[in-house]
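Peer 1: starting from these lines, generate the structure:
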Amino acid sequence: MSRIGKSPIPVPSGVDVTIDGRTVTVKGPKGTLSRVLPGEITVRADGDTLVVERPNEEREQRAMHGLTRSLVSNMVIGVTDGFRKELEIVGVGYRAEPQGPNALKLNLGFSHAVNVKAPDGISFEVPTATQVVVSGIDKEVVGQVAADIRSIRKPEPYKGKGVRYAGERVLRKAGKAGKK
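Peer 2: Down below sits the predicted model:
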C-alpha cells in the first residue's frame, strides 16, 4: 500500500469538495480548482476527510495512487492558503519592475527588457528590485511560471549571476588558472 496514498486528506471548514465521476472540484475562500482523476483511482468523502482508493494492485494503479492523493491534497491547500515561490535576482544592474499585478519587466543583462505576463490565477509581487514572488492557488502553475522566469537567465556557474530560487545554492566553478 502506498504510504502517501493511504493517508486521508483533511478538509478544513469553508472548503467544499464535489466529486462528480472522474472529476474532483474543490471550492474554497481563495478560488476553485478542478481536476480529472487519472486511471481508475477513486476519491470518496468520509466525513470531513477525503480518502483516495485504488481498485487493484497493478503497477500503474499503485503508481497513480500516491500521485492522485498529492494532487487532491494540493488542491485543498491551494484554495485555503495558496502557494508562493520566491525568486532572487543576482547581478549588477539586474532587476525586476512590476507592470501592474499581472506583468513583470525584467532587466537581466540583455540588450532589451524581458516582459513576463502572468497566466490567469497567478500574481507577481516585487518586494525589492532583486526579489520576485510568484503566488497563486494552483501549485503546478505557480511552479511552472517560476521555472519559466528562472529559465530566462539561469544562474551561471562562474559568478553566479542570474535568476535563482530563494535559498538555492549555485555550484561555482573556478575560472581560468592563468599563465605562470
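Peer 1: please make it C-alpha for all contacts and neighbour counts, starting now.
Peer 2: Fine.
Peer 1: and the residue nearest the centre of this protein?
Peer 2: In the chain, the C-alpha closest to the average C-alpha coordinate belongs to residue 143, at a distance of 2.7 Å (CA atoms, centre = their mean).
Peer 1: so what does whichever strand or helix holds it touch, helix or strand wise?
Peer 2: If you go by DSSP states H and E, residue 143 is part of helix 139-152. Helix 139-152 is packed against helix 59-80, strand 83-90, strand 131-136, strand 162-165, with contacts defined by 3 or more CA pairs under 8 Å, 6 or more residues apart in numbering; DSSP states H and E.
Peer 1: in CSV: those, plus mean pLDDT.
Peer 2: Below are the helices and strands packed on helix 139-152 laid out as CSV (pLDDT from 0 to 100):
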stretch, mean pLDDT
helix 59-80, 92
strand 83-90, 96
strand 131-136, 95
strand 162-165, 95
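Peer 1: what would the ones you listed look like in CSV with mean neighbour count and distance to residue 24?
Peer 2: As requested, the helices and strands packed on helix 139-152 are exported to CSV (neighbours: other CA atoms under 10 Å; distance: least, CA to CA, whole Å):
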stretch, mean neighbour count, distance to residue 24
helix 59-80, 20, 8
strand 83-90, 20, 19
strand 131-136, 22, 19
strand 162-165, 23, 31
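Peer 1: what does stretch 80-98 contact?
Peer 2: The contact list for stretch 80-98, computed with CA atoms under 8 Å, 6 or more residues apart in numbering, reads 15, 28-30, 104-109, 124-126, 129-139, 142-143, 146, 150, 160-166.
Peer 1: dump the helices and strands packed on helix 139-152 into CSV; add distance to residue 115 as well.
Peer 2: Formatted as CSV, these follow (distance: least, CA to CA, whole Å):
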stretch, distance to residue 115
helix 59-80, 27
strand 83-90, 15
strand 131-136, 13
strand 162-165, 15
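Peer 1: once you drop chain neighbours, what's closest to residue 135?
Peer 2: Excluding the flanking residues, the one nearest residue 135 by CA to CA, 6 or more residues apart in numbering is residue 84, at 4.2 Å.
Peer 1: buried ones in the helix holding residue 143?
Peer 2: For helix 139-152, a neighbour-count test (16 or more other CA atoms under 10 Å) marks 139, 141, 142, 143, 145, 146, 147, 149, 150 as buried.
Peer 1: quick check, the last one in contact with residue 163.
Peer 2: Yes - look at residue 150 against residue 163 with CA atoms under 8 Å: they come within range, at 5.1 Å.
Peer 1: what pLDDT does the residue nearest to the centre of the chain get?
Peer 2: For residue 143, the pLDDT comes out at 96.
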